[in-house]
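1. Sequence and computational prediction follow.
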Amino acid sequence: MSVLAIGWEPELRGLLTVVIGFVILMGSVYGILATNMGGRLAFLVAFAALAGWMMTMGLVWWIYGIGLRGPDPSWQPVAGATVLQDSESLKAAGVLVTLPEIPDDATFSEEALLVEEQFVEEGYVILDPAAPAFGQAAASASVFFEESGAFPAGGYEVTNIYDIGGDRGPLIKAGDLPGLTDESLDFVAFWHEDHFVVVEARPYVPVREEPGRAPVSPEIDEERQAQYVYMVRDLGARRQPAVVLTIGGAAVFGAFCYLLHRRERILDANLSDSKAVATA
């Protein structure tokens with residue numbers, strides 16, 4: 001018992017757990033079948049049952065996106081145009097087609113408002129700060145802001161997030177099918193357009209912290225320009241392992257079922273052959 005209690009090596013303990021579970025669960029089933037069918041036929045039946053179970057489990061994981069999962073969807077930087085430090089860079093990076101006319105005496109806050117109007121005019125949607133998509137994009141953008149040195153951690157505020165693209169198709173809309181009066185159905189929408197967001201952030205005014213006093217509420221620095229992070233949506237591959245398991249399990253299950261069927265036909269042919277001579 002002391003040999004099996006391998007607490008000092010978690011990897012080896014996990015490996016032994018899998019091996020013991022495999023031997024006890026599947027090995028015991030094979031042992032019971034082998035006593036009634038023989039070793040070779042029991043192997044075919046047990047392995048076909050295992051492959052069928054893997055196919056079924058993979059199908060359930062595939063439908064609900066659970067179990068063995070691949071990488072989840074995430075926001076990834078656009079290569080070469082991730083952190084844009086001024087409004088002119090938005091046109092150079094292809095984010096905006098044209099730039100708004102900005103007066104020479106405009107403040108950075110007024111410039112940010114003009115840029116916001118231009119985003120809306122070119123089809124971008126401003127996300128609601130209370131929406132989950134706003135928080136996800138802001139969290140991803142904060143990594144690029146801080147890694148590039150544009151802003152220190154906690155030294156800025158995400159003021160706007162502009163969203164464009166991401167449509168899916170084909171969609172079954174209300175009226176396409178008899179009795180369908182609700183919103184469009186998207187369970188056959190396998191094709192996706194590219195999905196982009198532009199995260200706008202403004203720096204805070206540096207404040208001096210004094211011991212024994214409550215921290216001062218941060219304020220946006222009107223003397224410094226807004227900066228932007230340009231990101232594209234990576235849809236990930238959450239269901240890819242389940243798809244591989246389902247298709248692989250189905251192929252193995254079909255192959256072993258064919259072998260069992262072929263063996264049964266050969267056995268029936270031999271038993272029905274009147275010329276077959278039984279030998280002791």
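-> Great, that's in hand.
2. Can you show me the CA trace of stretch 147-167 as PDB?
-> Extracted in PDB, the C-alpha atoms of stretch 147-167 (Å, rounded to 0.1, in the frame of the first residue of the first chain):
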ATOM      1  CA  GLU A 147       2.700  45.700 -22.500                       C
ATOM      2  CA  SER A 148       3.400  48.400 -25.000                       C
ATOM      3  CA  GLY A 149       4.100  51.000 -22.300                       C
ATOM      4  CA  ALA A 150       1.300  53.300 -23.500                       C
ATOM      5  CA  PHE A 151      -0.300  53.400 -20.100                       C
ATOM      6  CA  PRO A 152       0.600  52.100 -16.700                       C
ATOM      7  CA  ALA A 153      -1.700  49.700 -14.900                       C
ATOM      8  CA  GLY A 154      -4.600  51.600 -13.300                       C
ATOM      9  CA  GLY A 155      -3.500  54.900 -15.000                       C
ATOM     10  CA  TYR A 156      -6.200  55.100 -17.700                       C
ATOM     11  CA  GLU A 157      -9.900  54.600 -18.400                       C
ATOM     12  CA  VAL A 158     -11.500  52.900 -21.300                       C
ATOM     13  CA  THR A 159     -13.900  55.500 -22.600                       C
ATOM     14  CA  ASN A 160     -15.400  53.900 -25.700                       C
ATOM     15  CA  ILE A 161     -15.300  50.600 -27.600                       C
ATOM     16  CA  TYR A 162     -16.300  50.600 -31.300                       C
ATOM     17  CA  ASP A 163     -17.500  47.400 -32.800                       C
ATOM     18  CA  ILE A 164     -17.900  46.400 -36.500                       C
ATOM     19  CA  GLY A 165     -18.500  43.100 -38.400                       C
ATOM     20  CA  GLY A 166     -19.000  39.600 -37.000                       C
ATOM     21  CA  ASP A 167     -22.200  38.800 -38.900                       C
END
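3. which of the residues in that stretch are buried?
-> Across stretch 147-167, burial judged by 16 or more other CB atoms under 10 Å covers 150-151, 155-158, 160-164. For glycine as for every other residue, the C-beta is placed from the backbone atoms N, C-alpha and C.
4. cool, and stretch 83-96?
-> Buried-residue list, stretch 83-96, by 16+ other CB under 10 Å: 83-84, 87, 89-90, 93, 95-96.
5. got a list of contacts for it?
-> Stretch 83-96 is contacted by residues 78, 80-81, 97-99, 102, 111, 115, 118-119, 122, 144-145, 148, 150, 196, 198, 225-230 when judged by CB atoms under 8 Å, 6 or more residues apart in numbering.
6. how about the buried residues of stretch 83-96 in TSV, adding pLDDT, distance to P10 and secondary structure?
-> As requested, those are exported to TSV (pLDDT from 0 to 100; distance: CB to CB, whole Å; DSSP: H, G, I helix; E, B strand; the rest coil):
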residue	pLDDT	distance to P10	secondary structure
V83	91	41	strand
L84	91	46	strand
S87	86	53	coil
S89	90	49	helix
L90	91	50	helix
A93	90	47	coil
V95	92	48	coil
L96	92	53	coil
